[in-house]
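**Q** Please work out how this folds:
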Amino acid sequence: MKKFLAFAILVLGAGLAAAQEPQMNLPRVRLAAGMHQIDAQVARTPEQRAIGLMHRKEMPQHEGMLFVFEAPAQQCFWMKNTLLPLSVAFIADDGAIVNIEEMQPQTLDSHCSTKPVRYVLEMNKGWFARKGLKPGMKIEGAVFGAR
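**A** The predicted structure follows:
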């Protein structure tokens, strides 16, 4: 029993240590917002989505993270353990931006889609505004419309 307990503590400790590291090796997808190119990591699993951009200290301006859910639903995001200020776009199946929210680092404030969506794109804070992107405009990429 002691060996099992020690092993369980070791595994749990390793999992917590891994959770403190940013996830940097997720698959990537190329997206476009008009002439602006986006290199987005794709978070598809519940675990990948739960970690998101946590623990990142920096992110290049053309990079972001695309969260892909199994079915459209109201999606809500917060910034626990997220060090970077981010902008989040909630995106419909056809790539149309539903709404955009600005998020402050390390807060538990909830930022939600105004309609059910399957896709959520996080970029550095102010990215969408600097590119002139607003709700109704489209983000293009092979992922949109894919099931």
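**Q** ok now do the closest residue to Lys57 other than its chain neighbours, which residues does it touch?
**A** Closest residue to Lys57 apart from its sequence neighbours, by C-beta to C-beta, 6 or more residues apart in numbering: Leu83 at 5.7 Å. To be clear about C-beta, it is placed using only N, CA and C from the backbone, and glycine gets the same treatment. By C-beta atoms under 8 Å, 6 or more residues apart in numbering, the contact set of Leu83 is 55-57, 105-106.
**Q** What of Leu86?
**A** Contacts of Leu86 by C-beta under 8 Å, 6+ apart are 53, 79, 102-103, 105, 122-125.
**Q** So the residue nearest to Lys57, which state does it fall into?
**A** coil (DSSP: H, G, I helix; E, B strand; the rest coil).
**Q** Numbering from 665 from now on, please.
**A** With the count now opening at 665, the last piece we talked about shows up as Leu747.
**Q** ranges for the strands of this protein?
**A** Along the chain, counting by DSSP state E, strands occupy 692-697, 700-707, 727-737, 740-741, 750-755, 761-767, 775-776, 781-788.
**Q** Hmm, Ala697 is touching Lys798, no?
**A** No: in this structure Ala697 lies outside contact range of Lys798 using C-beta atoms under 8 Å: 10.8 Å.
**Q** No further questions, thank you.
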